[in-house]
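In: the sequence and its predicted three-dimensional model are supplied below.
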Amino acid sequence: MALKYKRIKGTRDILPAESEVREQLWQKARKILLRYGYGFITTPTFEATELFVRSVGEATDIVEKEMYTFTDRGGRSLTLRPEGTAGVVRAYLENHMIPPVKLAYYENVFRAERPQKGRLREFWQIGVEFIGAGDPLADAETIELGLTLLKEFGFKELKLELNSIGTVEDRQRYRNVLIEYLEKRKDELCEDCQRRLYRNPLRVLDCKIDGPKLKDAPNIMDYLSEDSKRHFEKVLEYLELWGIDYEINNRLVRGLDYYTHTVFEFKTAGLGAQNTVLAGGRYDGLVEELGGPPTPAVGFALGVERVIIALNLDAQPPKPEYFIVTHGDEARKFAVELIRQLRAEGISVDMSHNPKSMKAQMKLANRTGARYTIIIGEDELSSQKVKIRDMESGEEKLLSVGELLKLG
RNA sequence: GUGAGCGUAGCUCAACUGGUCAGAGCACCAGACUGUGGAUCUGGGGGUUGGGGGUUCGAGUCCCCUCGCUCACCCCA
C-alpha cells in the first residue's frame, strides 16, 4: 500500500455506520441529561496551557507527558484539551454563571499516549459537571446518573467502585503516613513503585505487583476528618436507598489532582486492559484554584469509544427512501426536476450523477439500500407517470408525480 | 518511554525446507440481458509482496536497519 497520507497515530475515521451508533448514544444521553436538569455546553478545543497545568496538576502524567501543546502565532502556549472539566469550569467563571448549575457536554479530547485497545490519542467523552453543590446528595445523584446512562446504552454487567480521598488536608496527612510505611519496605518494592514512592504514593497501593503484598498498609479511611467521613457515609446511604450496588476500593485513586472526597469508576468486561467506561468524582477545590470563590462541584466523564467497544455496538448507515433511475436525456432532465421537488417535500432520494446504463443505475440503487426505485424513461414520459419499483419484492406500479408526492 | 506480536491486491487470506509464487475468494468495472438491481456465467482493471540495505546463481520466504499496525506495561475515559 502506497498511500501518501495516513491517519495520525491514535486517531480514527468515524465512518457512516459508526456515526449512526454515536448519534444514537448521544440522543439517548441527551434525553436523560435533560431529565436530570442538565444544560449543554461546548467549550473550545484548545485553551491556554496554564489552565490545564493548574487544574489537572503539574505532577500528573497527563500534564507531564500527554498533552498536545503548541505555540500559536502570537507566541502563546496553547493545549488541545486533555479532559473536559477544566474548560467547563473556566467557562462557568468567565460567563458568570450562578451556582448551582448543571452542565453536560459531548466533546473530543486529546492525549499523547501509546494507543492500545480502548485507548486513543483523540477520543470522545460525554461528561457532566454539577457546579455549586456540596451536599452528598449531589455526589450520589451524579453516580446514579452515570449508572442510568450506562444502563440506557445497554450495559448489563457493571461494577461500581468508589472511595473517598477526603480533603486536601486529609490526603496530605494520609500521604505522610503512607510514605513512612512504604519507606520501611522500600527494598521490597518494584522499580516503578520506588520511583512513585514520593511522587505518588497512593498509586503504589494500586500496583499490580506490590499492591497485594501491602495488605497491612494504612487505610485512607482512618485518616479522613470526621466531616469527610460523614460526607462519604451520606453518599453511601443514598446509594443504598436507591439499591445501587457498589464496592468500596480504598486504593482507588484518580490521575487528576483536582479530586476531593468521593471518587468512583464504573468498570466492565470486553475492554481489554482498559476496563473503565465512566469515571469521576468530587472536586471541591478546583473553582477556587482557577480564580473563583470556594465552590464545591462534582462530575464524571465516560469514554464513547469504550462504550461502543464494550457493547459491540453497530448500526446501519442511512439509506435513501428512493433512488431515481432514468433512460434517455429527456427522462434525466425530468428526473433532475423531480428529485428537487421530492427533497423539498422532505423525502430522502438520490440518483446517479453520472449518466450510466440502466443496469448500472439499478446496481447503484441496490447498493444504496433504497426502499424504492423510481424508473423514468420514454414510456413514463409519454404517459406522464413514473414507475415505482419495490426493491424488496420487485413489484412495480405506475404513479403520477402528484400521487408520488402525496405518498411521501 | 518500555516490551511482545504482526506487515502479500480495496478486504480476508494462499504460495512445502529460499527455485514459473506473485495467486484465490470477496469487492469493483464491463458483457451475456440494446428499459431494470440483489442469482449465475464470461472477461477486465488493480500488487515495485510496508520501505531501504545485505546474503545468494536466485528472496514474500534468511539477516540488518527503518516505518507502520496491534496488544500489553505505565497511565487513563
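Out: On my side now, so go ahead. Residues are numbered from 1 along each chain as shown, chains lettered A, B, ... in the order given.

In: hey, let's count contacts and neighbours off CA atoms from now on
Out: OK.

In: top helix in chain A by residue count?
Out: Selection of the longest helix in chain A by residue count, based on DSSP state H, yields helix A:16-35.

In: name the nearest residue to the residue in the stretch 251-400 of chain A that RNA strand B sits nearest to, ignoring sequence neighbours.
Out: Relative to RNA strand B, the nearest point of the stretch 251-400 of chain A is residue A:255 (1.9 Å; Cα to the nearest atom of the strand). Spatial nearest neighbour of residue A:255, chain neighbours left out: residue A:60 (6.6 Å); criterion: Cα to Cα, 6 or more residues apart in numbering.

In: how many other residues sit next to the one you found?
Out: Residue A:60 has 16 neighbouring residues, counting by other Cα atoms under 10 Å.

In: how close does it get to residue A:196?
Out: Distance from residue A:60 to residue A:196, counting by Cα to Cα, to the nearest Å: 12 Å.

In: which strand or helix spans residue A:350?
Out: strand A:349-351 (DSSP states H and E).

In: partner strands of that strand, parallel or antiparallel?
Out: In the sheet, strand A:349-351 lines up against strand A:322-326 (parallel) (DSSP bridges).

In: quick revisit: and the strand holding residue A:350, how far from the chain's centre?
Out: Chain-centre distance of strand A:349-351: 34 Å, with Cα atoms, centre = their mean, to the nearest Å.

In: dump the helix or strand immediately after that strand in the chain to CSV, restricted to CA.
Out: Going down the chain from strand A:349-351, the next helix or strand is helix A:358-368, by DSSP H and E. This file holds the C-alpha atoms of helix A:358-368, laid out as CSV (Å, rounded to 0.1, in the frame of the first residue of the first chain):
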residue,chain,number,x,y,z
MET,A,358,-29.9,1.4,-16.6
LYS,A,359,-28.4,-1.7,-15.3
ALA,A,360,-25.5,0.2,-13.7
GLN,A,361,-28.0,2.6,-12.2
MET,A,362,-30.1,-0.2,-10.8
LYS,A,363,-27.0,-1.7,-9.3
LEU,A,364,-26.2,1.6,-7.6
ALA,A,365,-29.8,1.9,-6.4
ASN,A,366,-29.5,-1.6,-4.9
ARG,A,367,-26.2,-0.7,-3.2
THR,A,368,-27.6,2.5,-1.6
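
In: parallel or antiparallel, which strands does the next helix or strand after helix A:358-368 pair with?
Out: For helix A:358-368, the following helix or strand on the C-terminal side (DSSP H and E) is strand A:372-376. Applying DSSP bridges to the sheet, strand A:372-376 is found paired with strand A:322-326 (parallel), strand A:386-390 (antiparallel).

In: as JSON lines, these with mean neighbour count would be great.
Out: Formatted as JSON lines, the strands paired with strand A:372-376 follow (neighbours: other Cα atoms under 10 Å):
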{"stretch": "strand A:322-326", "mean neighbour count": "26"}
{"stretch": "strand A:386-390", "mean neighbour count": "20"}
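
In: mind putting those strands in a markdown table, distance to residue A:111 and mean pLDDT included?
Out: Below are these laid out as a markdown table (distance: least, Cα to Cα, whole Å; pLDDT from 0 to 100):
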| stretch | distance to residue A:111 | mean pLDDT |
| --- | --- | --- |
| strand A:322-326 | 43 | 96 |
| strand A:386-390 | 49 | 95 |
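
In: nearest to residue A:369, of those strands?
Out: strand A:322-326 (8.9 Å; Cα to Cα).

In: quick one, the next helix or strand after that closest one and strand A:322-326 angle?
Out: Proceeding C-terminally, strand A:322-326 gives way to helix A:329-344 as the next helix or strand, assigned by DSSP H and E. Helix A:329-344 runs at 170 degrees relative to strand A:322-326, counting by axes from the mean of the first three to the mean of the last three Cα atoms, to 10 degrees.

In: other residues contacting helix A:329-344?
Out: With contact meaning Cα atoms under 8 Å, 6 or more residues apart in numbering, helix A:329-344 is reached by A:324, A:326, A:348, A:349, A:350, A:376, A:377, A:378, A:381, A:405, A:408.

In: filter the residues you listed down to the buried ones, PyMOL style.
Out: The buried subset of those, as determined by 16 or more other Cα atoms under 10 Å, is captured in PyMOL by this line:
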select buried, chain A and resi 324+326+348+349+350+376+377+405
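
In: now the contacts of helix A:329-344 as JSON lines including distance to residue A:251?
Out: What follows is the contacts of helix A:329-344, written out as JSON lines (distance: Cα to Cα, whole Å):
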{"residue": "A:324", "distance to residue A:251": "63"}
{"residue": "A:326", "distance to residue A:251": "68"}
{"residue": "A:348", "distance to residue A:251": "54"}
{"residue": "A:349", "distance to residue A:251": "57"}
{"residue": "A:350", "distance to residue A:251": "57"}
{"residue": "A:376", "distance to residue A:251": "70"}
{"residue": "A:377", "distance to residue A:251": "73"}
{"residue": "A:378", "distance to residue A:251": "77"}
{"residue": "A:381", "distance to residue A:251": "76"}
{"residue": "A:405", "distance to residue A:251": "65"}
{"residue": "A:408", "distance to residue A:251": "60"}
